[in-house]
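S.K.: Prediction below, plus the sequence it came from.
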Amino acid sequence: MQIILLTVCALIWIAVALSLPSVLGGRRHRLFWALVAFATTMTLQPHVVYDAVEKLLGGDNVTYFIFHATAIVAIGLLDGIVQEAVSVGGLTRQRKKLTAVVTAAIVAAQAVLFFGGDWRFRDQIHESFPNRWDFAAYSATTWIAIALFSVSVGWACASDLRNQRRLITRVSLALVVFGCLGALAYTTISLASVTEAFFNPDFVFEGWPRILYNIALATAPIGLGLGLGLTAMADGVLWSRKTVRDRALLWRITPLWERLVADSPELSIELHLSRPGLLLVRSPGAHLYRRYVEVRDSLLLDPGQNLAASERMLIDVVEDHVRAVPAAAPMVTTLARSATPRQDHTS
């Protein structure tokens, strides 16, 4: 089971890493931080990680509190993201504030129950269900929140599934629904077990409940992690590929651009970048688009300029590239002038 948990954690952190390009591109910031909180929560589940972090923090099971607190934060972020995605017009500011207040209130209540009780000094507390009302109340705050999240988000994703046409989005929603079912099973078994432990001092957590608990604990994060991160990962990969292509074409067209605008610098509004700067500048697609436009403008003003066959081919390649990405995004349209229709620059 521990190997499975470590594998799940690795998969979730890979999803976080692959969604990073989307964040760098100015998109899905909340989803990224929700995945980080979720990954942190799940990383504290394997005993080897829990024990290492606990030793680092000095004991007293503070790691257990961090696990529950990050779980609540992840739930608040993920629920807000999903509800906004499926709500007409998105969530109101008041709803977002309410989510933040409720999340903070639950974490504050957990802090009081955790640091105000002596049950947290038990050894291996993360492996058992103490016969204590304060432990039951503390853990129930997380489990109930997860259960409500599972029902709310699972129903929203299932209802929206038939409205989606993009295959990767449908797969993402299906994985989230699957993860919500696993999370609901996990919380149901946990709540039933802690209740049994409270009323029965001889309760031992074993048998089918333990097996189903472990299965749910493994499948829920896989479904939620992959489902919530799949679209961001795919878009991140596409964004990375486009950025690499933008930089390569920017590097190749710059010598031609420098030569053509040298005779008419008044036509250029583009920054002059050093060769290393071409590799480091932000939004290379915007600079590529602008240099392409200025190259075309220069050729329209002076069609008699000599171009090598490779340079003519390069202009066509750049034009095909910038037109293939309709919006080298809104950012590009603010930086570049309107593109001129392709002309025959063989003359």
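M.R.: Nice, thanks for sending it over.
S.K.: can you pull out the helices in the protein?
M.R.: Under the criterion DSSP state H, helices of the chain are mapped to 2-24, 29-43, 47-57, 62-86, 93-115, 133-161, 167-199, 208-262, 275-280, 284-301, 309-324, 330-335.
S.K.: want to try CSV for the ones you listed, with mean pLDDT and mean neighbour count as columns?
M.R.: Yep, even glycine has a C-beta here, placed from its N, CA and C like the rest. Supplementary listing: the helices of the chain in CSV, determined by pLDDT from 0 to 100; neighbours: other CB atoms under 10 Å:
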stretch, mean pLDDT, mean neighbour count
helix 2-24, 77, 18
helix 29-43, 84, 21
helix 47-57, 85, 14
helix 62-86, 83, 20
helix 93-115, 86, 14
helix 133-161, 84, 18
helix 167-199, 87, 19
helix 208-262, 83, 18
helix 275-280, 80, 11
helix 284-301, 87, 21
helix 309-324, 88, 15
helix 330-335, 32, 14
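S.K.: want to throw those helices into JSON lines with distance to residue 268?
M.R.: Formatted as JSON lines, the helices of the chain follow (distance: least, CB to CB, whole Å):
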{"stretch": "helix 2-24", "distance to residue 268": "28"}
{"stretch": "helix 29-43", "distance to residue 268": "34"}
{"stretch": "helix 47-57", "distance to residue 268": "55"}
{"stretch": "helix 62-86", "distance to residue 268": "42"}
{"stretch": "helix 93-115", "distance to residue 268": "43"}
{"stretch": "helix 133-161", "distance to residue 268": "48"}
{"stretch": "helix 167-199", "distance to residue 268": "40"}
{"stretch": "helix 208-262", "distance to residue 268": "4"}
{"stretch": "helix 275-280", "distance to residue 268": "16"}
{"stretch": "helix 284-301", "distance to residue 268": "5"}
{"stretch": "helix 309-324", "distance to residue 268": "16"}
{"stretch": "helix 330-335", "distance to residue 268": "13"}
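S.K.: Show me the one of those helices that comes nearest residue 269.
M.R.: helix 284-301 (7.3 Å; CB to CB).
S.K.: what angle sits between the closest one and helix 208-262?
M.R.: With axes from the mean of the first three to the mean of the last three CA atoms, to 10 degrees applied, the angle from helix 284-301 to helix 208-262 works out at 30 degrees.
S.K.: tell me which strands and helices helix 284-301 is in contact with?
M.R.: helix 208-262, helix 309-324, helix 330-335 (3 or more CB pairs under 8 Å, 6 or more residues apart in numbering; DSSP states H and E).
S.K.: Can you lay out these as a markdown table showing distance to residue 150?
M.R.: What follows is these, written out as a markdown table (distance: least, CB to CB, whole Å):
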| stretch | distance to residue 150 |
| --- | --- |
| helix 208-262 | 8 |
| helix 309-324 | 41 |
| helix 330-335 | 36 |
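S.K.: So for residue 55, which of these sits nearest?
M.R.: Judged by CB to CB, the one of the helices and strands packed on helix 284-301 that comes nearest to residue 55 is helix 208-262, at 23.2 Å.
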